[in-house]
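Participant: sequence plus predicted model, see below.
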Amino acid sequence: MVNNDVVALCTSIPIDKCIDFVNDLLENENTLSSRCPLSISSIMKSLKLFLNSTIFIFTGTFNKQTKGVALGSPVSPIVANLFMSPIESYIFASNNRLCICRRYVHNTFFII
């Protein structure tokens, strides 16, 4: 039994790696143009804007989050899931005796 709790997942995601990963996913998606009128470059520009717009007010002072994706942003859970998917894929591919896998937000539970 393995329980993996990713501490502060959203604020731990490296934005540059995440942007590269999403770009690679979009480049390898064959049916994107039939499902979405936007170009990959337009999608990536929007994603970069969303992920780098992390200004917030705390006790009357403007601050900028310097690491990870912003908590509460609509795009953050999507990015977190995309970021965790290669890790889970590696676990599934490397272990053929995996019986149960459950995930809730940033917790992953495996029974081998």
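Facilitator: Arrived safely, thanks for sending.
Participant: where does this protein have its least confident helix or strand?
Facilitator: Counting by mean pLDDT, DSSP states H and E, the chain has its least confident helix or strand at strand 2-5, which shows a mean of 67.
Participant: show me what the longest helix seen in the chain is packed up against.
Facilitator: Secondary structure of the chain per DSSP state H: the longest helix is helix 76-94. The helices and strands touching helix 76-94, judged by 3 or more Cβ pairs under 8 Å, 6 or more residues apart in numbering; DSSP states H and E, are helix 9-12, helix 15-27, strand 100-104, strand 107-111. Every C-beta, even on glycine, is put in place using the N, C-alpha and C of the backbone.
Participant: got the angle for the second one vs helix 76-94?
Facilitator: In other words, helix 15-27. 70 degrees (axes from the mean of the first three to the mean of the last three Cα atoms, to 10 degrees).
Participant: which outside residues touch the helix or strand following helix 15-27?
Facilitator: Counting by DSSP states H and E, the next helix or strand C-terminal to helix 15-27 is helix 32-35. Residues from elsewhere that reach helix 32-35 (Cβ atoms under 8 Å, 6 or more residues apart in numbering): 26, 40.
Participant: so where's the chain shaky on pLDDT?
Facilitator: For the chain, the stretches with pLDDT under 70 are 1-7, 95-96, 98, 105-106.
Participant: that older thread, please export the C-alpha coordinates of the longest helix of the chain as PDB.
Facilitator: The C-alpha atoms that make up helix 76-94 are tabulated as PDB, following Å, rounded to 0.1, in the frame of the first residue of the first chain:
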ATOM      1  CA  SER A  76      -4.800  25.600 -11.700                       C
ATOM      2  CA  PRO A  77      -6.600  22.200 -11.200                       C
ATOM      3  CA  ILE A  78      -6.300  21.400 -14.900                       C
ATOM      4  CA  VAL A  79      -2.600  22.200 -14.900                       C
ATOM      5  CA  ALA A  80      -2.100  20.200 -11.700                       C
ATOM      6  CA  ASN A  81      -3.800  17.200 -13.200                       C
ATOM      7  CA  LEU A  82      -1.800  17.500 -16.400                       C
ATOM      8  CA  PHE A  83       1.400  17.800 -14.400                       C
ATOM      9  CA  MET A  84       0.600  14.700 -12.300                       C
ATOM     10  CA  SER A  85      -0.400  12.500 -15.200                       C
ATOM     11  CA  PRO A  86       3.100  11.500 -16.400                       C
ATOM     12  CA  ILE A  87       4.000  10.500 -12.900                       C
ATOM     13  CA  GLU A  88       0.900   8.300 -12.600                       C
ATOM     14  CA  SER A  89       1.500   6.900 -16.100                       C
ATOM     15  CA  TYR A  90       5.000   5.900 -15.100                       C
ATOM     16  CA  ILE A  91       3.700   4.100 -12.000                       C
ATOM     17  CA  PHE A  92       1.100   2.200 -14.100                       C
ATOM     18  CA  ALA A  93       3.600   1.200 -16.800                       C
ATOM     19  CA  SER A  94       6.300   0.100 -14.300                       C
END
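Participant: with that, I have no additional questions.
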